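S.K.: build me a structure from this.
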Amino acid sequence: MLAILGKLSFAYGFSSFQMLQYRFGFATLMLFVYFWLTDRSCLVTSRKTIAKAAFLGVCLYPVQSICYINSVKYIPASTTSLVFYFYPVLVTLLSACFFKTRITRVIVVALCLITLGCGLVFYDSFLRSISPTGVYLAVAATCIFSFYLICLQGLLRGENPRTVTFYVVLSAACVYTVLAPPTGFLALDGHGMLLALSLGLIPTALAVTLLYEAVDRIGSAYVSICSTLEPIATVVASAFLLGETIVPVQIAGMVLILLGILLPNLGLIPLWRQTRQPLPKA
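M.R.: From the prediction side, this is the model:
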């Protein structure tokens, strides 16, 4: 949804920094209220954890977000997404270097299927003129996000992922509040306020929380592979919200992506079946 909301926000008149301030500012407020009502321990942590979160939220996340959002200004969202979704390959290679993650033939085949599938899903990116500036920004966003996921896996060790989520988003919100104070929010009409709140809720408060939980449970390499469901969600959402058509070549790409995600997980099916067996009677 980030690419779609980004396009809609630029069309409405939001600047890049304004859009990012609304995104992380409202996400911080939403997460704070949610944790305050459900589990206040998520808001209490050590200085060491806050320092880890600040590194991600101040040094990496804002730079990656700025590159990604601004690339959409120069090139089609499909082209940005096509470049960006090379990150599962980068994350897998980095994970093998830093965490000794084993790269099996199955993983290699899965990554090839996903890369080819993304190329088909965003086929129209090959049919348009491309701005070098937009491509450079998309490549920068891809590399930074890949490094960010690797750092995230290392920094989450021994930490509550929900706590880290809150303080990373809070750190990023502080950066953008300085760059673009949200003084004009009350002057927005209903459409503008809905866009601002949607940026905070869907691609930030919900998505980042789930991402951190996933990295904590299965690691950045598998998360990067599974998260390639995002192009499928983006194309389907574009059809419903923007009236864009889905062509057969995109459907073929979606099938390849799903196969690429399913392939590394086939070995888990026997284990799942085993856990579903009824307990023996006493």
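S.K.: can you tell me the SS state at Gly158?
M.R.: coil (DSSP: H, G, I helix; E, B strand; the rest coil).
S.K.: from Pro76, how far off is it?
M.R.: Computed as C-beta to C-beta, to the nearest Å, the Gly158 to Pro76 distance reads 42 Å. (Each C-beta comes from the backbone N, C-alpha and C, glycine too.)
S.K.: Ala205 now?
M.R.: 27 Å.
S.K.: more neighbours: which of the two?
M.R.: Ala205 (25 against 21; other C-beta atoms under 10 Å).
S.K.: show me what contacts that one?
M.R.: Phe26, Ala27, Met30, Leu31, Tyr34, Val169 (C-beta atoms under 8 Å, 6 or more residues apart in numbering).
S.K.: where do the helices sit along the stretch 101-250 of the chain?
M.R.: 105-121, 132-155, 161-179, 190-200, 207-218, 220-226, 229-241, 248-262 (DSSP state H, counting those that start in this stretch).
S.K.: follow-up on the earlier one: nearest to Gly190 among the contacts of Ala205?
M.R.: Phe26 (15.4 Å; C-beta to C-beta).
S.K.: let me know the helix or strand that the closest one is in.
M.R.: Taking DSSP states H and E as the criterion, Phe26 maps to helix 16-38.
S.K.: for that helix, give me every contacting residue.
M.R.: 6, 9-10, 14, 42-43, 62, 65-66, 69-70, 73, 162, 165-166, 169-170, 172-173, 176-177, 179-182, 184-185, 195-197, 199-201, 203-205, 208-209.
S.K.: can you turn the buried part of those residues into a PyMOL selection?
M.R.: Buried members of the contacts of helix 16-38, defined by 16 or more other C-beta atoms under 10 Å, are picked up in PyMOL with:
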select buried, resi 6+9+14+42+62+65+66+69+70+162+165+166+169+170+172+173+176+180+185+195+196+197+199+200+201+203+204+205+208+209
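S.K.: coming back round to it: in terms of mean pLDDT, which of the helices of the stretch 101-250 of the chain ranks lowest?
M.R.: Note on the helices of the stretch 101-250 of the chain: helix 229-241 shows the lowest mean pLDDT, a mean of 82.
S.K.: buried sites along it?
M.R.: Applying 16+ other C-beta under 10 Å to helix 229-241 flags Glu230, Pro231, Ile232, Thr234, Val235, Ala237, Ser238 as buried.
S.K.: elements contacting it?
M.R.: helix 2-12, helix 77-84, helix 105-121, helix 248-262 (3 or more C-beta pairs under 8 Å, 6 or more residues apart in numbering; DSSP states H and E).
S.K.: could you dump those into TSV and include distance to Gly190?
M.R.: Shown next, in TSV, are the helices and strands packed on helix 229-241 (distance: least, C-beta to C-beta, whole Å):
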stretch	distance to Gly190
helix 2-12	12
helix 77-84	25
helix 105-121	33
helix 248-262	33
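S.K.: go through the ones you listed and pick out the most buried.
M.R.: helix 77-84 (a mean of 23; mean count of other C-beta atoms under 10 Å).
S.K.: which residues sit against it?
M.R.: 3-4, 6-7, 68, 71-72, 118-119, 122, 124-125, 128, 130, 134-135, 138-139, 141-142, 145, 231, 234.
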